[in-house]
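>>> Have a look; sequence and predicted model below, questions after that.
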Amino acid sequence: MINKIKTVVLYSVFHMFIDMACVISVLSGIRYNEFDEVFMFFLIVLYNILAFGLQSFFGDIFDKNKKPHICAFMGCILTAMGAILWKFSLIAVILSGIGNAMFHVGGGIICLKLSDNKASIPGIYVAPGAMGLFLGVLAFKNLIRSEYCAIILLFCAILILINKYKEIPQNKYREVQYNKFFIILNLLLLAIAIRSFIGLSIILPWKENLNLLFMLTLAVVLGKMTGGIIADKFGWLKITVTALIISSPLIAFGINNPILYIVGIYFFNYTMPVTLSAIANMQKGREGFAFGLTTLALIIGAMPYFARVKLYSDNALAIFIIVVLSAIFIYLGLKLIYRKVS
């Protein structure tokens, strides 16, 4: 139990450093080279496609070779290289994107295998990433050099090798009828894509306030962490659907009210660990590929944002309907898998 806790804590903290380093590297290179808006947009989209779109590919590879810690180790090294070479923006973006993907998958496989089919550990592992993004933007604005992140990541890589992961017996997975597998998978992936779309596309008039932005980030982190724990205790279906129903009016009609919106985002993120765990539990021995499918859904959900689709308080009713729709997708998906879930 102690080794499990230590492993999860280490990878969760490393996750925060990885995302922090990537933000500083990419943004520093863009500022240093004074790129025009079009090429800057290209680099940001390229980074996100590599970081989120490649995870299922690497997941499939490291599901088969059973050495996910090597995947996470390589992710740290590549991201550190990107942080060192930040002045060469295109190279840094490619290294950071691939490194980010490899670390996420490596750590994701390990934490999913340690989860005993529950949502708590995956939520704890993924949650610090949002804080890493916030700290990365903050460090960038304060002119903190990305080389410092490279040093931290090299230290993380060493710790990964020292705390070498050993394969454990496979968890007992819930059986899903093959003819329902793709229906369930698509329902849950649609819910994930909606979460990404809502999180990125809503324009908040108060987001430039650093204190409020920190509170918003903290709500995302705590929502993912506590959501998995609470859902494990009281039932995945009951908690996730209830959380989305609570969050829907707060997010939709609270865009101009920071307190309401932040509370809504906290509950909105309860779904993340549950959808990830449900998809992973359906695919015996393919945790990395399953993890990658969820991030692929995230990048698909981000496409409207990259296409400059924006949501304002005037779109409150549409936002409300979209969030409720995601609750319906999750309800149907979980109901088909876990007929006895309360």
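Structure's in. What do you need? Numbering: from 1, shown residues only.
>>> ok, the residue lying closest to Leu90 once chain neighbours are set aside - contacts?
Of all residues not flanking Leu90 in the chain, Leu43 sits nearest, at 7.1 Å (Cβ to Cβ, 6 or more residues apart in numbering). (C-beta placed from N, C-alpha, C; glycine too.) Leu43 is in contact with 26, 29-30, 35, 89-90, 93, counting by Cβ atoms under 8 Å, 6 or more residues apart in numbering.
>>> hmm, which of the residues you listed are the buried ones?
26, 29-30, 89, 93 (16 or more other Cβ atoms under 10 Å).
>>> and of these, the nearest to Glu147?
Of all those, Glu147 sits closest to Gly29, with 12.6 Å by Cβ to Cβ.
>>> tell me the contacts of the closest one?
Residues near Gly29 by Cβ under 8 Å, 6+ apart: 43, 86-89, 92-93.
>>> For it, which non-adjacent residue is spatially closest?
Ser89 (3.5 Å).
>>> So the one you found versus Cys149, what's the distance?
16 Å (Cβ to Cβ, to the nearest Å).
>>> Equivalent analysis for Ala252, please.
37 Å.
>>> now Asp60
Counting by Cβ to Cβ - Asp60 and Cys149 are separated by 29 Å.
>>> same thing with Val323?
35 Å.
>>> for Arg195, same thing?
27 Å.
>>> These two - which one has more neighbours?
More crowded of Arg195 and Cys149, by other Cβ atoms under 10 Å: Cys149, with 26 against 22.
>>> how about the helix or strand encompassing the residue nearest to Leu90: buried residues?
Element membership of Leu43, judged by DSSP states H and E, is helix 37-53. Within helix 37-53, the residues scored as buried using 16+ other Cβ under 10 Å are 40, 43, 47-53.
>>> Compute the mean per-residue pLDDT across that helix, please.
Summarised as a single mean, pLDDT over helix 37-53 is 96.
>>> so where do the helices sit in the stretch 101-250 of the chain?
For the stretch 101-250 of the chain, helices defined by DSSP state H, counting those that start in this stretch occupy the ranges 120-126, 128-141, 146-162, 178-201, 210-234, 236-253.
>>> domains of this structure?
2-162, 178-337 (automatic domain parsing).
>>> so how far is Asn48 from Leu90?
To Asn48, Leu90 is 15 Å away according to Cβ to Cβ.
>>> Report pLDDT for Ile84.
97.
>>> er, Lys164 I mean
You'll see Lys164 listed with a pLDDT of 79.
>>> wait, it sits on His69?
Yes. At 6.0 Å, Lys164 and His69 qualify as touching, with contact defined as Cβ atoms under 8 Å.
>>> that older thread, sort out for me which of the contacts of Leu43 are in helices.
Taking DSSP state H, the ones among the contacts of Leu43 that sit in helices are 26, 29-30, 89-90, 93.
>>> Make TSV out of these and add distance to Leu78 and pLDDT.
Supplementary listing: the ones in helices among the contacts of Leu43 in TSV, determined by distance: Cβ to Cβ, whole Å; pLDDT from 0 to 100:
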residue	distance to Leu78	pLDDT
Val26	14	96
Gly29	15	95
Ile30	19	94
Ser89	16	96
Leu90	15	97
Val93	12	98
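>>> got a markdown table for those, with distance to Asn65 too?
Below are the ones in helices among the contacts of Leu43 laid out as a markdown table (distance: Cβ to Cβ, whole Å):
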| residue | distance to Asn65 |
| --- | --- |
| Val26 | 29 |
| Gly29 | 32 |
| Ile30 | 35 |
| Ser89 | 32 |
| Leu90 | 30 |
| Val93 | 27 |
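>>> Where does pLDDT dip in the stretch 151-300 of the chain?
Residues of the stretch 151-300 of the chain meeting the criterion pLDDT under 70: 167-179.
>>> I meant to write the stretch 1-150 of the chain there.
In the predicted model, the stretch 1-150 of the chain carries pLDDT under 70 at residues 1-2.
>>> Can you point out the buried residues in whichever helix or strand comes after the helix holding Leu43?
Per DSSP H and E, the first helix or strand lying C-terminal to helix 37-53 is helix 55-65. By 16+ other Cβ under 10 Å, the buried positions in helix 55-65 come out as 55-56, 58-59, 62-63.
>>> Counting by contacts, list what helix 55-65 packs against.
In terms of contacts (3 or more Cβ pairs under 8 Å, 6 or more residues apart in numbering; DSSP states H and E), helix 55-65 is packed against helix 68-84, helix 89-113, helix 287-306.
>>> buried sites along the second one?
Counting neighbours by 16+ other Cβ under 10 Å, one finds that the buried residues in helix 89-113 are 89, 92-113.
>>> that older thread, for the buried ones among the contacts of Leu43, which two are the farthest from each other?
Within the buried ones among the contacts of Leu43, Ile30 and Val93 form the most distant pair, 9.0 Å apart (Cβ to Cβ).
>>> Can you report how many residues neighbour the residue nearest to Gly223 when sequence neighbours are not counted?
In this structure, Gly223 finds its nearest non-sequential neighbour in Asn269, 3.0 Å apart by Cβ to Cβ, 6+ apart. By other Cβ under 10 Å, the residues close to Asn269 number 26.
>>> Tell me who's in contact with Asn269.
Asn269 sits next to 195, 219-220, 223-224, 227 when contact means Cβ under 8 Å, 6+ apart.
>>> and which of the residues you listed is nearest to Gly292?
Using Cβ to Cβ, the contacts of Asn269 come closest to Gly292 at Arg195, 16.6 Å.
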